[in-house]
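Participant: I would like to see how this sequence folds:
(chains A, B, C and D)
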There are 2 protein chains.
Amino acid sequence: MKRTSLAGDSCPVARALDVFGDWWSLLIIRDASLGRRRFGEFQAGLGLAKNILASRLRTLVEHGILKTVPASDGSAYQEYVLTPKGHGIFPILVALRQWSEEFDDHPEEIATILVDREKGKPVRKLALFSQDGRLLNEADITLKQRPEAKRARASA
Amino acid sequence: MKRTSLAGDSCPVARALDVFGDWWSLLIIRDASLGRRRFGEFQAGLGLAKNILASRLRTLVEHGILKTVPASDGSAYQEYVLTPKGHGIFPILVALRQWSEEFDDHPEEIATILVDREKGKPVRKLALFSQDGRLLNEADITLKQRPEAKRARASA
DNA sequence: CTTGTGTAGTTGCAATATTAAACCAGATGC
DNA sequence: GCATCTGGTTTAATATTGCAACTACACAAG
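Facilitator: Down below sits the predicted model:
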C-alpha cells in the first residue's frame, strides 16, 4: 500500500516526477536556485515541518540533485547546493512560473517577474523549436518509439 | 494539520504546484494531452485507484484545466478534455521530459522521443530568450519585484 | 570549563491522504 | 429483460504529513 512508485516507468515525465514530483521538492529546489543553502533557511522560508524537510533533503541528495558541502561561513555545519543535475531543473521552474503568469486566476497576487539580468526586461516565453529552427506548438509534435539500438551491447 | 496549501503564496511556482503539483495530476494531464478522454482510459493507463482518479479529475475540472464534454462516440457518457488553460501546461511536460532525457540515470529505459510531426526529427531543447533575442541561462536572469504587487504571504 | 543559545536534525503521536477492494447505479448490448 | 460495462462512491487498512517535544552537537560568553 505504499505510494505507487513511478521509478520504473518508461515515460520520462513520470520518471522525473518520481524524483521531485511531490509536494515540497520543487519548492526546495526553487529556494536552492535562489541561493538558499542552509537547513534553517529552507525551513523558515518554506514553513514545512523539519522532519519532512530532512526527509526531502535526504532523497534529493540521494538522487544527485543536491549535494552537501561544508558551510561557506567557515562553521562546522553543512550546506545544501544544487548539482548540475539540480540546475537542470531550472527550465521546469521557468515553465511553471510562466504558466501561472499566463493562466492564474489571480495574477495580481504574483509578487515577482523574471527578468534578464543585463537589461532588466521580462524574458520571453519558453519556446520549442524543431531541429531546423521552426517554432513548434503542441499540435506540431508527436511521440516516436525510441530506436532500441544505440548502446553497445555488453560493454565487454 | 491539513496538507499545507500553497494557494495564497506569492510565488508563481508554488501557485502552479498548488493546482497540479500532486502525485497524479500531471500524469493525468499528460494522458489527456495524448488524447485520452475517458475515466476508464485514465484509470487503466495510470493504474491508480478509482477514488483518487475521481478526486483528481474533479479538482482539475474545478481549476479549469479539464472540462467535461459529451462522449465523442455518441454514448451517454462524458469525456474529459483539456481546456486552453490545460493545454498551457504542455511546455511543463516538455521540460520534465527533457530533464529526464538529459539527466536520468537509466535513459535506456525511456521508451519514446519527442519529434516534430512534419520532419519526424527530435525537437530542440526548450530555450529561454531575452526580449531582444539573446539566449539566456540560469545565471543570466534575476527576479524583480512586480510593481503593483498586492498583498500576499511568503517567499519569492 | 561551564553555562546558555542556535542549528540541525530525530522521535512520537494525531490527523490526513492514499490504496485496494467491495459495492452500486445507470447505460449498453444481446 | 438480463447480464455486463462504465463510472463512479464507500469502507477499511496502511502510509504519509504535520506538529511538538526532545536530542546532540556547535558556538559564544563569562
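Participant: how close does the closest residue in space to A:His87 that isn't next to it in sequence sit to DNA strand D?
Facilitator: With CB to CB, 6 or more residues apart in numbering or on different chains as the criterion, A:His87 has its nearest non-adjacent residue at 6.0 Å, and that residue is B:Glu138. Where you see a C-beta, it was placed from the backbone N, CA and C, and this is true even at glycine. Computed as CB to the nearest atom of the strand, to the nearest Å, the B:Glu138 to DNA strand D distance reads 27 Å.
Participant: state the pLDDT value of the residue nearest to A:Ala127 when sequence neighbours are not counted.
Facilitator: Ranked by CB to CB, 6+ apart and with sequence neighbours excluded, the top spatial neighbour of A:Ala127 is A:Leu135, at 6.1 Å. pLDDT, A:Leu135: 97.
Participant: phi, psi of A:Leu135?
Facilitator: With angles defined as degrees, to the nearest 10, A:Leu135 sits at phi -70, psi 130.
Participant: that one against A:Leu126, yeah?
Facilitator: No. Using CB atoms under 8 Å, A:Leu135 is not in contact with A:Leu126; the gap is 11.5 Å.
Participant: list the contacts for A:Ile65?
Facilitator: A:19-20, A:29, A:82-83, A:85-86, A:89 (CB atoms under 8 Å, 6 or more residues apart in numbering or on different chains).
Participant: which outside residues touch stretch A:137-147?
Facilitator: With CB under 8 Å, 6+ apart, stretch A:137-147 has contacts from A:128, A:130, A:134, B:33-34, B:87, B:90, B:110-118, B:120, B:123.
Participant: which residue, other than its chain neighbours, is closest to the residue nearest the centre of chain A?
Facilitator: The structure's chain A has its C-alpha centroid closest to A:Ile89; by CA atoms, centre = their mean the separation is 3.3 Å. Among residues not flanking A:Ile89 along the chain, A:Ile29 sits closest, at 5.4 Å (CB to CB, 6+ apart).
Participant: again with A:Phe20
Facilitator: Computed as CB to CB, 6+ apart, the closest residue to A:Phe20 that is not its neighbour in sequence is A:Leu26, at 5.6 Å.
Participant: the one you found: neighbour count?
Facilitator: Neighbour count for A:Leu26, taken as other CB atoms under 10 Å in any protein chain shown: 21.
Participant: local confidence estimate at it?
Facilitator: pLDDT for A:Leu26: 98.
Participant: specify the local secondary structure of it.
Facilitator: Taken by DSSP: H, G, I helix; E, B strand; the rest coil, the conformation at A:Leu26 corresponds to helix.
Participant: now for it: which residues touch it?
Facilitator: A:20, A:89, A:92-93, A:96, B:13, B:17, B:21.
Participant: nearest to DNA strand C, of those residues?
Facilitator: Closest approach to DNA strand C among these (CB to the nearest atom of the strand): B:Gly21, at 10.5 Å.
Participant: ok so, going back, what sits against the residue nearest to A:Ile89?
Facilitator: Counting by CB under 8 Å, 6+ apart, A:Ile29 has contacts A:20, A:60, A:65-66, A:82, A:86, A:89, A:93.
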